[in-house]
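Peer 1: Structure for this input, please:
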Amino acid sequence: MKTAVAALLFLLTGCSGQFKCPERTGFYPDPVQCDLYYVCTKGESEEKLCPDGLVFDAKDSRHERCDIPANVDCDERTELQEPQSTPGCPRANGYYRHSDPRACDKFFNCVSGVPHELPCPPGLIYDDTASTCAWFDDSNRKDCKNAKRDSLDDGFSCPDEDILGPGGRKLPHPTFAHPDDCARFYICRNGVMPQKGLCTKGLVYNEETFACDEPQNVPGCENYYDKGEKEKKTKKA
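Peer 2: Numbers count the residues shown, from 1 in each chain. The predicted structure follows:
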């Protein structure tokens, strides 16, 4: 199918390189350059270029549309115009990774050569292959493996390694015991975004089952609530 399309485009351009319009009016891609296209009206062609950083979407000849490369299948149209780069923008338009290699959770939206810094949602990194934010495991960007993770005000941050639960299955939202409080614990949303958790009154966190449990089932926390009551009575006295 791709070979047939390439052959058709070659016939349209002809041996001289001059684009030959088909009978119908519309917008047609150049056979070799993805950001170059032609406007055909009554058999006459007008050459046009997408804004630098965008490419021509050839899915429908009735519509004139330029889009970011991640949204367009250029197929064999691999050539592009000379880049109009500026600091932070490899090309004048589009989405690009941040100029700071440590800022994996940020990216630039370049508009006419001006970079606009944007953040990814918590826990995500910018994947420049897809021009969007993604979870590290779903991203093709492996240089961010050691990127700085979010941490809470008490210093807790989610570990790098996967946490396995009962049956050896990876826990999607692993939890961890608080070092000083039996009723408190930490949650790592999608394994990377830390949050604080608190058991319902009367229960304490059991790190063996990754869930809140009766105090008598958690060594060292059996008298957790008894201690609390004694402290209250001492303060009243």
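Peer 1: Could I get the CA-only coordinates of stretch 158-166 as PDB?
Peer 2: Taking C-alpha atoms only, stretch 158-166 is exported to PDB below (Å, rounded to 0.1, in the frame of the first residue of the first chain):
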ATOM      1  CA  CYS A 158       8.800   6.500  46.700                       C
ATOM      2  CA  PRO A 159      11.500   3.900  46.000                       C
ATOM      3  CA  ASP A 160      12.800   3.200  42.500                       C
ATOM      4  CA  GLU A 161      12.200  -0.500  42.600                       C
ATOM      5  CA  ASP A 162       8.900  -2.300  42.100                       C
ATOM      6  CA  ILE A 163       7.100  -3.500  45.200                       C
ATOM      7  CA  LEU A 164       5.700  -7.000  45.100                       C
ATOM      8  CA  GLY A 165       2.600  -8.000  47.000                       C
ATOM      9  CA  PRO A 166       1.000 -11.300  47.900                       C
END
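Peer 1: Work out the gap between it and the centre of the chain.
Peer 2: 21 Å (C-alpha atoms, centre = their mean, to the nearest Å).
Peer 1: ok, now stretch 60-74?
Peer 2: With C-alpha atoms, centre = their mean, you get 21 Å for stretch 60-74.
Peer 1: quick one: contacts of it?
Peer 2: 24, 26-28, 34-35, 37, 39, 50-51, 53-58, 94-95, 129-132 (C-beta atoms under 8 Å, 6 or more residues apart in numbering). To be clear about C-beta, it is placed using only N, CA and C from the backbone, and glycine gets the same treatment.
Peer 1: now stretch 105-121
Peer 2: 51, 53, 84-89, 91-100, 124-126, 128, 133, 147.
Peer 1: for it, which positions count as buried?
Peer 2: Neighbour-count burial for stretch 105-121, with 16 or more other C-beta atoms under 10 Å as criterion, is recorded at D105, K106, F107, F108, C110, G113, P115, C120.
Peer 1: Which element, helix or strand, includes the third one?
Peer 2: Secondary structure assigned from DSSP states H and E places F107 in strand 106-111.
Peer 1: Show me what the mean pLDDT comes to for that strand.
Peer 2: In this model, strand 106-111 has an average pLDDT of 96.
Peer 1: Note down every partner strand of the following helix or strand past it and its orientation.
Peer 2: Tracing the chain past strand 106-111, the next element assigned as helix or strand by DSSP H and E is strand 114-119. Partners of strand 114-119 in the sheet, by DSSP bridges, are strand 106-111 (antiparallel).
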